[in-house]
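**Student:** Requesting a structural model of the entry that follows:
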Amino acid sequence: MRMACRPSLTRLCFRQFSTSVKRSPKELREKSVRDRFLRVDHAGEVGADRIYAGQMAVLGKTNVGNVIQHMWDQEKEHRKKFDELLPRYRTRPTVLLPIWNVAGFVLGAGQKMAMACTAAVETVITDHYNDQIRELMNNPEVNSELLEIISKFRDEEMEHHDTAILHEAEKAPLYQAFSQVVKIGCKGAIWLSHKI
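**Tutor:** This next block holds a predicted model:
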């Protein structure tokens, strides 16, 4: 007697994301770009959420606690939106999320460097969102939802950067060196999240 075979996990996963709709090369390219953007933006917002969690753990009861809480609340909104968009657009998250969870919290937990960290990270994220906006503008009708979301989030990230500067981020010890290390780390995380 022959036993019925169950479909492999790989086949089930492929079936979940496959479609019977034929797409043009242009549509396939747009989906690929959108998937890449959503994957990396989701990863970035997970990391940002964890950075602010680390900052609140260390600085929540200080004079900047309310400021950090406000920025963290906005990052939670960003993360929630990308959590909604991934399944809607049938995009997988990066496999590196566990690393970004831990790395974000550790990065945020540095008491003297919290605002310097925020300024550096938000500089990179603002540039990253601007690059995405320019690319999405190649087909604004198709990308209108993402353009609206990313533009709003970019503006809030710029606000976080400006807030950090107002709270003397540039007076942190070794600010320039620390800022460059954080920026390089952020750019590396973006690159990895695009790929993996």
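**Student:** Find the nearest non-adjacent residue to residue 42, please.
**Tutor:** residue 82 (3.9 Å; CB to CB, 6 or more residues apart in numbering). Heads up, the C-betas are built off the backbone N, CA and C, glycines and all.
**Student:** residues contacting the one you found?
**Tutor:** With contact taken as CB atoms under 8 Å, 6 or more residues apart in numbering, residue 82 is in contact with 38, 41-42, 45.
**Student:** Apply 6 Å and report the result again.
**Tutor:** Shown in contact with residue 82 (CB atoms under 6 Å, 6 or more residues apart in numbering): 41-42, 45.
**Student:** if I read this right, residue 43 contacts residue 94, doesn't it?
**Tutor:** Yes - the criterion here is CB atoms under 6 Å, and residue 43 meets it with residue 94 at 4.6 Å.
**Student:** Comparing those two, which shows the higher neighbour count?
**Tutor:** Set residue 43 next to residue 94 and count neighbours by other CB atoms under 10 Å: residue 43 wins out with 26 against 20.
**Student:** for the residue lying closest to residue 186 once chain neighbours are set aside, helix, strand, or coil?
**Tutor:** Computed as CB to CB, 6+ apart, the closest residue to residue 186 that is not its neighbour in sequence is residue 124, at 4.1 Å. Following DSSP: H, G, I helix; E, B strand; the rest coil, we place residue 124 in the helix state.
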